[in-house]
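**Q** model this:
(one chain, ligands or ions: 2)
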Amino acid sequence: MPDRYAAGRRWARSAELKDKDLTQDTISALPITVRNVTKTYGAVHALDNVSLDVKSGEFLTLLGPSGSGKTTLLMVLAGFTRPDTGSLKFGEAEVIRTAPHLRDVGMVFQNYALFPHMTVAGNVGYPLRLRRVPKPEAAARIERALETVQLGGYGERRIDQLSGGQKQRVALARSIVFEPRILLMDEPLSALDKKLRDRMQIELRHLHEKLGMTTVYVTHDQREALTMSDRIAVVNHGKIMQLATPQQLYDLPANRFVADFIGDSTFIPVTRSGDQVVYGDTALEYTGALPDTATLVLMVRPERLRLVPQGATEGSNLFQGTASEVVYQGDSYLMYATLADGTEISLRGAIRGGTVSNLPKVGDPVTLALDPADTVLIDGGQT
Ligand code: ADP
Ligand code: MG
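**A** Numbering: from 1, shown residues only. Ligands and ions are numbered 1, 2, ... in the order given. Alright, predicted model coming up:
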């Protein structure tokens, strides 16, 4: 959207009005408190009564499909979008009415929003120049910011001489040059190719560890979110579906939407009577808690399911089926099986010497096992 680019330039220019002691060396991070924030565009609920706590110094990711409201929430944090209702605190201070340039927030946009006619140093130093930071001091800060993003010595290059990855680093250097206490990033790696993206994910993570500012990061890429985040807020239709650590989200998704969005899974309808959960005519063994819902489903992650000797009857949570597809994928194999009631289930297995020649063939009867600890029962109602 073109107005997002304008917002980026406005942000860069706006830094002039902020009055902060730039001689201090460490950044004191701030917690963010979002309460009951709603933003509608006509009939669209871009944000639907969102509440969120970001801890001081935390790396928190907003993860959700396109159009779920991630950018809108980030723009509310930055101050470019005024919500219809709700409150927003940075530390103890209510900032919902505070202009963007007074919020002490660094921002990296998806499209970089750099000034193409300026040099690298000109871009990175822009917030400092507008704030009349003395030249020698500014030069030192610019070089330090460039070194932080591994672009030391690139100050005199022109923006159009840089690769996509380097432009992204320049935008990052510009966002941290005045040491904001909060850093916001909107899909900053989405324009990069996969190899570079993988490397930058780790680099951004290290940078965050080094600088320590409270960071809110937006992505629609679940693996990126799992790689980078202390915690992830999964967003859908302007609502936060679950806020948890990567491992909690993967192992114990709050509902079917989250389970489906993060990782692969098969969902199997089960029936419940009291604490008993039954599939077909077997009672399942499970170790976790049961969600309080009328629409209980069993979530099966392909890599947690095990292929056991055909016909085995020993052990818990055995599924009998027929192999319907067996796919060799280099680092692992994927097998689809059809259970007696017609449910398609998938299993991912490791490949070691001998695995491939011993795999079942399509049409073979197979027995699959799920450990009680991997038998996760979730709310199947929210998709
Ligand atoms: P995401 O960043 O998760 O892709 P957005 O926050 O950009 O989602 O958008 C959320 C919803 O709000 C979408 O339906 C989008 O079309 C709508 N929306 C966002 N900004 C505007 C706007 N300025 N005018 C009208 N609708 C908007
Ligand atoms: Mg967006």
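
**Q** which residues in the stretch 251-383 of the chain form helices?
**A** 256-261, 355-358 (DSSP state H, counting those that start in this stretch).

**Q** where does this structure have low pLDDT?
**A** Within the chain, the stretches falling below the threshold (pLDDT under 70) are 1-27.

**Q** Which helix or strand contains the residue nearest the centre of it?
**A** Taking CA atoms, centre = their mean as the criterion, residue 225 is the residue nearest the geometric centre of the chain, at 2.9 Å. Counting by DSSP states H and E, the secondary-structure element that holds residue 225 is helix 222-228.

**Q** Can you mark which positions in the longest helix along the chain are buried?
**A** Ordering each helix of the chain by length in residues (DSSP state H) puts helix 194-211 first. Counting neighbours by 16 or more other CB atoms under 10 Å, one finds that the buried residues in helix 194-211 are 196-197, 200-201, 203-205, 207-208, 211. Just so you know, the C-beta spots here come from the backbone N, C-alpha and C atoms, and that holds for glycine as well.

**Q** cool, stretch 238-245 as well?
**A** Of the residues in stretch 238-245, 238-244 count as buried by neighbour count, 16+ other CB under 10 Å.

**Q** right, and residue 351 touches residue 334 too?
**A** No - Residue 351 lies out of contact with residue 334 (CB atoms under 8 Å); the separation is 10.8 Å.

**Q** quick revisit: okay, the helices of the stretch 251-383 of the chain in TSV with mean neighbour count and distance to residue 120 next?
**A** Formatted as TSV, these follow (neighbours: other CB atoms under 10 Å; distance: least, CB to CB, whole Å):
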stretch	mean neighbour count	distance to residue 120
helix 256-261	22	37
helix 355-358	10	51
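
**Q** Residue 364: which of these is closest?
**A** helix 355-358 (11.3 Å; CB to CB).

**Q** Figure out how far that closest one is from the centre of its chain.
**A** If you compare the mean C-alpha spot of helix 355-358 with that of the full chain, they lie 36 Å apart, counting by CA atoms, centre = their mean, to the nearest Å.

**Q** elements contacting it?
**A** Using 3 or more CB pairs under 8 Å, 6 or more residues apart in numbering; DSSP states H and E as the contact criterion, no secondary-structure element is in contact with helix 355-358.

**Q** quick one: contacts of it?
**A** Helix 355-358 is contacted by residues 328, 333, 349 when judged by CB atoms under 8 Å, 6 or more residues apart in numbering.

**Q** Out of those residues, list just those in strands.
**A** For these, membership in strands holds for 328, 333, 349, with DSSP state E as the criterion.

**Q** List, one by one, the residues from the chain near ligand 1.
**A** 41, 44, 46, 64, 66-72 (CB under 6 Å from any ligand atom).

**Q** Quick check on these: which are buried?
**A** Buried by 16+ other CB under 10 Å: 46, 64, 68-72, out of the residues of the chain next to ligand 1.

**Q** can I get these in JSON lines with secondary structure?
**A** Below are these laid out as JSON lines (DSSP: H, G, I helix; E, B strand; the rest coil):
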{"residue": "46", "secondary structure": "strand"}
{"residue": "64", "secondary structure": "coil"}
{"residue": "68", "secondary structure": "coil"}
{"residue": "69", "secondary structure": "coil"}
{"residue": "70", "secondary structure": "helix"}
{"residue": "71", "secondary structure": "helix"}
{"residue": "72", "secondary structure": "helix"}
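
**Q** Could I get the full set of strands for the stretch 151-300 of the chain?
**A** Assignment of strands within the stretch 151-300 of the chain using DSSP state E, counting those that start in this stretch yields the ranges 182-186, 214-219, 231-236, 239-244, 266-269, 271-273, 276-279, 282-283, 296-300.

**Q** Make CSV from the ones you listed and add distance to residue 58 to it.
**A** Formatted as CSV, the entries for these read as follows, by distance: least, CB to CB, whole Å:
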stretch, distance to residue 58
strand 182-186, 11
strand 214-219, 6
strand 231-236, 7
strand 239-244, 11
strand 266-269, 31
strand 271-273, 37
strand 276-279, 36
strand 282-283, 41
strand 296-300, 27
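
**Q** Next, the contact list for the nearest residue to residue 118 once chain neighbours are set aside, please.
**A** Nearest non-adjacent residue to residue 118, counting by CB to CB, 6 or more residues apart in numbering: residue 159, 6.8 Å away. For residue 159, the contact set (CB under 8 Å, 6+ apart) comprises 114-120, 123, 167, 170.

**Q** how about a cut-off of 10 Å?
**A** Taking CB atoms under 10 Å, 6 or more residues apart in numbering as the definition of contact, the neighbours of residue 159 are 112, 114-120, 122-123, 166-167, 170.

**Q** what does residue 72 give?
**A** Counting by CB under 10 Å, 6+ apart, residue 72 touches 37, 39, 41, 44-47, 50, 80-81, 83, 235, 238.

**Q** Compile the residues you listed into CSV and extend it with columns for secondary structure and distance to residue 365.
**A** Supplementary listing: the contacts of residue 72 in CSV, determined by DSSP: H, G, I helix; E, B strand; the rest coil; distance: CB to CB, whole Å:
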residue, secondary structure, distance to residue 365
37, strand, 54
39, strand, 54
41, strand, 54
44, strand, 50
45, strand, 49
46, strand, 51
47, strand, 51
50, strand, 49
80, coil, 59
81, coil, 57
83, coil, 57
235, strand, 43
238, coil, 47
